[in-house]
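>>> following is a predicted model, sequence given first.
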Amino acid sequence: MRDAIIVAAICFGLFVFWSTQAMLAGFPAAEFSDADNVFGMALEIALGGCALWYLHVRKFDTRSLYPRPQWGGAAQGAGLYAVALLLGWLAAMPFAGDDGEPAMVAFSFANVSLASTVAFAMVNGVFEEVFLLGVLLRGLKGHGVVFAAGFSLLVRLLYHLYQGPAGVIAVLVFGLVLTVFYLRTGRLWPVVFAHILGDIVPVAWSDA
């Protein structure tokens, strides 16, 4: 349990702090840029490196954390993304605005290129799912599957608070779909690919 808390603090503590600040500020709109993506990638690579070093010292099997890309797994990931997107949208509908759509925090991607979006999505998808599922969920299964899944989902929820109530519900459903798949298969690549799509599609759709 101690290792899980330390890894969660290393990887997600700063993001939880920033997300909590945004929540306390009333969920302000956010504008993203290529510079933000570069900063995000650099930060996650640095934090991930620190966490991997800690896990190595603690004799954790870090080699098992590296996703193995396969076309079949990518297809499964696309299916996972589609299911999670639909279920998340349905779950967020109680927060619908006057237009009948879930009231989400406004994000602007006008200053973000597709190239930096794809690069960030690849880093972010690996970073989040490797540590949320490959480390926290798997590492805590000895305390019970429900506890392990709950802890992982709680961390995921806390650093997405900035997205507002509807966004958090959608993220929670998304995380639950990926968690169930990982528990059943133990495979990281499909959930990583689903997350990558989850980062790319909203930006590409906003430009459509």
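Sure thing, it's come through. Numbering: from 1, shown residues only.

>>> okay, helices next: where are they in this protein?
For the chain, the helices defined by DSSP state H occupy 2-24, 34-57, 71-92, 114-129, 138-139, 145-158, 164-185, 189-207.

>>> name the residues that touch the first one?
Around helix 2-24, the neighbours that count as contacts under C-beta atoms under 8 Å, 6 or more residues apart in numbering are 28, 30, 43, 47-48, 50-51, 54-55, 58, 60, 127, 131, 135-136, 139-140, 151, 155, 158-162. For the C-beta atoms, the positions are set from N, CA and C on the backbone; glycine is no exception.

>>> filter those residues down to the buried ones and hand me the PyMOL line.
Buried members of the contacts of helix 2-24, defined by 16 or more other C-beta atoms under 10 Å, are picked up in PyMOL with:
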select buried, resi 47+48+51+55+60+127+131+135+136+139+140+151+155+158+159+160+161+162
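
>>> separation between the residue nearest the centre of the chain and V191?
In the chain, the residue lying closest to the centroid (C-alpha atoms, centre = their mean) is E128, at 4.9 Å. According to C-beta to C-beta, to the nearest Å, E128 stands 9 Å off from V191.

>>> for the protein, what helix or strand is lowest in average pLDDT?
strand 107-111 (a mean of 79; mean pLDDT, DSSP states H and E).

>>> got the CA coordinates for that one in CSV?
Extracted as CSV, the C-alpha positions of strand 107-111 are listed here (Å, rounded to 0.1, in the frame of the first residue of the first chain):
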residue,chain,number,x,y,z
PHE,A,107,-11.7,23.8,-23.7
SER,A,108,-10.1,25.6,-26.7
PHE,A,109,-7.8,23.8,-29.0
ALA,A,110,-7.5,26.5,-31.6
ASN,A,111,-3.8,26.9,-31.0
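
>>> no further queries at this time; thank you.
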